[in-house]
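K.L.:
Next one to model:
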Amino acid sequence: MARAERERTGNATPNAGPEPRRRIPSVDALLRSEPGRRAIGTFGRPLVKHALSVTLEQVREAAEAGAMPPPDDEILARALALASGTASGLVRVINATGVVLHTGLGRAPLPERAAAAAARAGQGYVDLEVDRESGARGRRSTRAERLLTSMTGAEDALVVNNGAAALLLALASLARGKGVLVSRGELIEIGGEFRIPDILAASGARLVEVGTTNRTRASDYRSALTDKTALILKVHPSNYRVVGFASTPSAKDLAAIARKADVPFVYDLGSGLLERVPGATADEPSAADALADGADLIVFSGDKLLGGPQAGIVLGRAELVERLRRHPIARAVRVDKMQVAALESVLAQHAHGRGSELPVWTMIREPPAHVRHRADALAMALDGELEGAHVIACESAVGGGALPGTGIPSFGVEIRAPEPNAMAARLRTGSPSVFCRVTERGVLLDLRTVSPEAMPDLVRAVRYALEGDDLPDD
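P.N.:
All right, here's what the predicted structure looks like:
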């Protein structure tokens, strides 16, 4: 190969020709190339240009460290993979991790009726904020709020975009510029570095820590009360447990302290358990329990144990809920029409006593023997291609910060692979995409979170990922 050709393609030796950065093509040059023009026809010029800019920046950073730039066609291929992933939008995946409420995979899967309701709302005009009888403007979440109050006995309800937004709105409306008493053991990180102290700071409220990490007493709250106290906040530690030498006042005790001090008691339940049901541990608070214990306001998520779409739900005393409803932040965190439609459908299912039929609860409560049946079927389907597929007992998790520490007996298929991470990557990037667990010996497909309807697709995806693999014999 001539020297000029080697320099153009980036295949020259490190000591030959100009320094690496000078070998890198420009965005415009790649856009004008034939593959670039074809990509523009497929994805549009703005997306292709952006993908090339991102990819070339990565190439430049590598070149600064002394790496030789890859050939132009490789740069284009990397950029087009980025453009394709962006243009495809959300992609349906198979969740074989065994985590029922997997935050990265969208938490609670909606029942078909709720998904259809959301689709109908998105495809045309709906009576979102208008009363059909009078023609006057109404509230977009009136029906959902009416269902919530009828099921829980709360005086009023409010629906917003998500659980963190519900807490932020409550604090901004009721405690701005004043103190909020929180146990040190409840200063949790919800996820994605979103922490309770940060939410308090953003709301304009002032955090007043009481007690210690493992032990907080009722007397700690009474001692911390001043005329600058706006409310007492209890936060359910959704994603962890403090065990051993640990104690904290009950919701009933805190409600009594708040009532005597004439300040609201706000309880962040987190997971959205409406009422006590089989499968939920005794220490997972329900909305019905919290209200019965005297909470003035409770907040929780709609896409966890409630089994609905992303939403933040507020229940409690009417005058407090109305203060939240009238706060300027309320408009900024309101739900859209598709969220409302899906939530109405899920709440109606709860109201009809069929909450246990929601996908979340079906997965949580499915007998292990049924899961074992799917695991056996998967291993048998793969028997012709692979001798290293083993049915094993494993443990699923609820996830999403709900029922922490509660393992669910399950079964899965472990596939031996010399490079487990590479095998998991092939499964993720296949069609359909499969997310699994990585083990020391290979990958584990937990069948608790794989529906019977998805089994043929899972078999096809695993076969695709196995093509060309040199897997060890059993």
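
K.L.:
center of the chain - which residue?
P.N.:
In the chain, the centroid-proximal residue (CA atoms, centre = their mean) is residue 103; its distance is 2.4 Å.

K.L.:
Hmm, residue 222 is touching residue 258, no?
P.N.:
No - Residue 222 is beyond contact range of residue 258, at 10.5 Å (criterion: CB atoms under 8 Å). Every residue, glycine included, has its C-beta placed from N, CA and C.

K.L.:
Looking at those two, which is more packed in?
P.N.:
The residue with more neighbours, out of residue 222 and residue 258, is residue 258; 24 against 13, by other CB atoms under 10 Å.

K.L.:
Give the other helices and strands that the host helix or strand of residue 344 contacts.
P.N.:
Secondary structure from DSSP states H and E places residue 344 in helix 337-351. Secondary-structure packing of helix 337-351 (3 or more CB pairs under 8 Å, 6 or more residues apart in numbering; DSSP states H and E): helix 112-123, helix 142-152.

K.L.:
who wins for proximity to residue 453 among those helices?
P.N.:
Residue 453 sits nearest to helix 112-123 of all the helices and strands packed on helix 337-351, at 10.8 Å, using CB to CB.

K.L.:
isn't residue 397 right up against residue 99?
P.N.:
Yes - assessed by CB under 8 Å, residue 397 is found in contact with residue 99 at 5.2 Å.

K.L.:
Local confidence estimate at residue 89?
P.N.:
Note on residue 89: pLDDT of 82.

K.L.:
Could I get the buried residue list for the helix holding residue 344?
P.N.:
Buried residues in helix 337-351, counted by 16 or more other CB atoms under 10 Å: 337-350.

K.L.:
Name the next helix or strand following it along the chain.
P.N.:
helix 359-365.

K.L.:
that older thread, switch the buried residues of helix 337-351 over to TSV; also include pLDDT and distance to residue 44.
P.N.:
Formatted as TSV, the buried residues of helix 337-351 follow (pLDDT from 0 to 100; distance: CB to CB, whole Å):
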residue	pLDDT	distance to residue 44
337	96	28
338	96	25
339	96	29
340	96	32
341	97	31
342	97	31
343	97	34
344	97	36
345	97	35
346	97	37
347	97	40
348	97	41
349	96	41
350	95	43
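
K.L.:
mind listing what residue 210 touches?
P.N.:
By CB atoms under 8 Å, 6 or more residues apart in numbering, the contact set of residue 210 is 181-184, 216, 220-221, 223-224.

K.L.:
go with 6 Å
P.N.:
Neighbouring residues of residue 210 by CB atoms under 6 Å, 6 or more residues apart in numbering: 181, 183, 220-221, 224.

K.L.:
ditto for residue 323
P.N.:
Counting by CB under 6 Å, 6+ apart, residue 323 has contacts residue 173.

K.L.:
at 10 Å what do you get?
P.N.:
Applying CB atoms under 10 Å, 6 or more residues apart in numbering to residue 323 gives the contacts 169-170, 173-174, 264, 297, 317, 330.

K.L.:
Would you mind giving the helices and strands packed on helix 337-351 as a markdown table with distance to residue 302 added?
P.N.:
Shown next, in a markdown table, are these (distance: least, CB to CB, whole Å):
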| stretch | distance to residue 302 |
| --- | --- |
| helix 112-123 | 11 |
| helix 142-152 | 9 |
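
K.L.:
burial of residue 380, as a residue count?
P.N.:
For residue 380, using other CB under 10 Å, the count is 13.

K.L.:
For it, grab phi and psi.
P.N.:
Phi and psi for residue 380, reported as degrees, to the nearest 10, are phi -70, psi -40.

K.L.:
Please tell me how far it sits from residue 331.
P.N.:
55 Å (CB to CB, to the nearest Å).

K.L.:
lowest average confidence, helix or strand, in this protein?
P.N.:
The helix or strand of the chain with the lowest confidence, counting by mean pLDDT, DSSP states H and E, is helix 3-9 at a mean of 41.

K.L.:
average pLDDT for stretch 444-455?
P.N.:
Averaging pLDDT along stretch 444-455 yields 96.

K.L.:
Dump it to PDB, keeping only the CA atoms.
P.N.:
What follows is stretch 444-455, C-alpha atoms only, in PDB (Å, rounded to 0.1, in the frame of the first residue of the first chain):
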ATOM      1  CA  LEU A 444     -28.400 -16.100  33.900                       C
ATOM      2  CA  LEU A 445     -31.800 -15.700  32.400                       C
ATOM      3  CA  ASP A 446     -34.300 -15.400  35.200                       C
ATOM      4  CA  LEU A 447     -37.700 -16.500  33.900                       C
ATOM      5  CA  ARG A 448     -39.800 -14.800  36.600                       C
ATOM      6  CA  THR A 449     -39.800 -11.600  34.600                       C
ATOM      7  CA  VAL A 450     -40.300 -13.300  31.200                       C
ATOM      8  CA  SER A 451     -43.900 -13.800  30.200                       C
ATOM      9  CA  PRO A 452     -45.000 -17.000  28.500                       C
ATOM     10  CA  GLU A 453     -45.900 -14.900  25.400                       C
ATOM     11  CA  ALA A 454     -42.300 -13.700  25.200                       C
ATOM     12  CA  MET A 455     -40.700 -17.200  25.400                       C
END
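
K.L.:
Where does residue 393 sit: helix, strand or coil?
P.N.:
strand (DSSP: H, G, I helix; E, B strand; the rest coil).

K.L.:
Run through the residues that contact the residue lying closest to it once chain neighbours are set aside.
P.N.:
Nearest in space to residue 393, with sequence neighbours left out and distances taken as CB to CB, 6 or more residues apart in numbering, is residue 411 at 5.9 Å. Counting by CB under 10 Å, 6+ apart, residue 411 makes contact with 98, 368-376, 378-379, 391-394, 396, 445-448.

K.L.:
wait, is residue 411 part of a strand?
P.N.:
Yes - counting by three-state DSSP, residue 411 is located in a strand.

K.L.:
per-domain residue ranges of this protein.
P.N.:
In terms of domains, the chain is parsed into 3-87, 93-103+363-466, 110-355 (source: automatic domain parsing).

K.L.:
related to what we said a few turns ago, which of the contacts of residue 411 fall in helices?
P.N.:
Counted as lying in helices by DSSP state H, out of the contacts of residue 411, are 368-376, 378-379.

K.L.:
Output those as JSON lines; include the columns distance to residue 313, pLDDT and neighbour count.
P.N.:
What follows is the ones in helices among the contacts of residue 411, written out as JSON lines (distance: CB to CB, whole Å; pLDDT from 0 to 100; neighbours: other CB atoms under 10 Å):
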{"residue": "368", "distance to residue 313": "32", "pLDDT": "96", "neighbour count": "15"}
{"residue": "369", "distance to residue 313": "35", "pLDDT": "97", "neighbour count": "9"}
{"residue": "370", "distance to residue 313": "31", "pLDDT": "97", "neighbour count": "12"}
{"residue": "371", "distance to residue 313": "31", "pLDDT": "97", "neighbour count": "25"}
{"residue": "372", "distance to residue 313": "36", "pLDDT": "97", "neighbour count": "17"}
{"residue": "373", "distance to residue 313": "36", "pLDDT": "96", "neighbour count": "14"}
{"residue": "374", "distance to residue 313": "33", "pLDDT": "97", "neighbour count": "23"}
{"residue": "375", "distance to residue 313": "36", "pLDDT": "96", "neighbour count": "26"}
{"residue": "376", "distance to residue 313": "40", "pLDDT": "94", "neighbour count": "14"}
{"residue": "378", "distance to residue 313": "38", "pLDDT": "94", "neighbour count": "24"}
{"residue": "379", "distance to residue 313": "42", "pLDDT": "92", "neighbour count": "20"}
